[in-house]
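Q: here's my sequence, what's the structure:
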Amino acid sequence: MTEKSSFDINPISNPVQTVAPTKEEQNMLRATEKITALYCRLSQEDSLDGESNSVTNQRRILESYAREKRFTNLTWFIDDGYSGTDFNRPGVQKLLTEVEADRVSTIIVKDLSRFSRNSAMAGMYINFTFVEHGVRFIAINDNFDTIDPNSIDNDFAGIRNWFNEFYARDTSRKIRAVNKAKGERVASD
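A: Numbers count the residues shown, from 1 in each chain. Presented below is the predicted three-dimensional model:
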């Protein structure tokens with residue numbers, strides 16, 4: 001009355017059968033194709049002919065960090081001689097185009113002020129646009145990394161961004177005052 005079950009392996013097998021990769025595997029495959037964006041910026045007030053010393057130093061810091069942390073597909077985006085208060089910079093625009101095309105896994109900058117001195121725009125990109133596109137954002141010297149949203153350093157990012165914006169405005173005011181004083185001196189001579 002009992003039936004015998006057979007657990008024999010089917011001798012006629014198809015060795016070409018494949019299993020579709022899981023969603024996680026597909027995401028991992030796409031992630032390895034994505035770039036790690038290394039972004040450098042220096043304002044026009046500090047620029048030199050050719051690549052400035054500051055950009056050269058930023059490149060060293062970013063490359064050393066990226067290699068030490070084993071980031072791959074490193075790609076440079078550089079704005080040498082551009083203010084951080086404005087996002088109409090060629091390097092940052094190319095970077096944002098890559099982000100919106102979902103070709104960036106991580107963005108690394110020396111500090112938050114290198115990415116932007118506009119606190120509202122910096123917050124919008126870091127907290128919304130980059131999150132929407134699955135981009136990790138790291139500011140090395142500020143110990144800021146979006147992979148750890150509970151970090152105390154991340155809590156202070158908004159305040160740092162505001163101070164970076166204030167610094168740019170204050171510097172601009174001082175430069176205008178010096179230029180005005182120079183103009184008045186020349187006029188009186």
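Q: alpha carbons only for contacts and neighbour counts from here, please
A: Noted.
Q: output the contacting helices and strands for the helix or strand that contains Val55.
A: According to DSSP states H and E, Val55 maps onto helix 53-68. The contact analysis (3 or more Cα pairs under 8 Å, 6 or more residues apart in numbering; DSSP states H and E) places helix 53-68 against strand 35-42.
Q: and if we set it to 6 Å?
A: Contacting helix 53-68 under the criterion 3 or more Cα pairs under 6 Å, 6 or more residues apart in numbering; DSSP states H and E is no other helix or strand.
Q: next, the angle from it to strand 35-42.
A: Between the axes of helix 53-68 and strand 35-42, defined by axes from the mean of the first three to the mean of the last three Cα atoms, to 10 degrees, the angle is 160 degrees.
Q: in helix 53-68, what's buried?
A: 54-55, 58-59, 62-63, 66 (16 or more other Cα atoms under 10 Å).
Q: repeat for stretch 95-106
A: By neighbour count on 16+ other Cα under 10 Å, the buried set for stretch 95-106 is 95-96, 98-99, 102-106.
Q: of these, closest to Leu112?
A: Closest approach to Leu112 among the buried residues of stretch 95-106 (Cα to Cα): Thr106, at 14.5 Å.
Q: how about that closest one, what does it touch?
A: Residues near Thr106 by Cα atoms under 6 Å, 6 or more residues apart in numbering: 36, 135-137.
Q: switch the cut-off to 10 Å
A: Each residue near Thr106 by Cα atoms under 10 Å, 6 or more residues apart in numbering is listed here: 31, 34-38, 71-72, 74, 99, 130, 134-138, 146.
Q: check Glu33 too.
A: 27, 72-73, 103-105.
Q: so can I have CSV of the buried residues of stretch 95-106 showing distance to Asn88, pLDDT and secondary structure?
A: Below are the buried residues of stretch 95-106 laid out as CSV (distance: Cα to Cα, whole Å; pLDDT from 0 to 100; DSSP: H, G, I helix; E, B strand; the rest coil):
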residue, distance to Asn88, pLDDT, secondary structure
Leu95, 12, 96, helix
Leu96, 11, 96, helix
Glu98, 15, 97, helix
Val99, 16, 97, helix
Asp102, 21, 97, coil
Arg103, 21, 97, coil
Val104, 20, 97, strand
Ser105, 22, 97, strand
Thr106, 21, 97, strand
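Q: I'd like those residues as TSV, with distance to Asp86 appended.
A: TSV is the format used below for these (distance: Cα to Cα, whole Å):
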residue	distance to Asp86
Leu95	14
Leu96	14
Glu98	19
Val99	18
Asp102	23
Arg103	23
Val104	22
Ser105	24
Thr106	22
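Q: and which of the contacts of Glu33 is nearest Gly91?
A: Once Cα to Cα is applied, the member of those that ends up nearest Gly91 is Val104, at 14.3 Å.
Q: and the residue nearest to Trp76 when sequence neighbours are not counted, how many neighbours does it have?
A: Nearest non-adjacent residue to Trp76, counting by Cα to Cα, 6 or more residues apart in numbering: Leu38, 5.0 Å away. Neighbour count for Leu38, taken as other Cα atoms under 10 Å: 22.
Q: alright, I will stop here.
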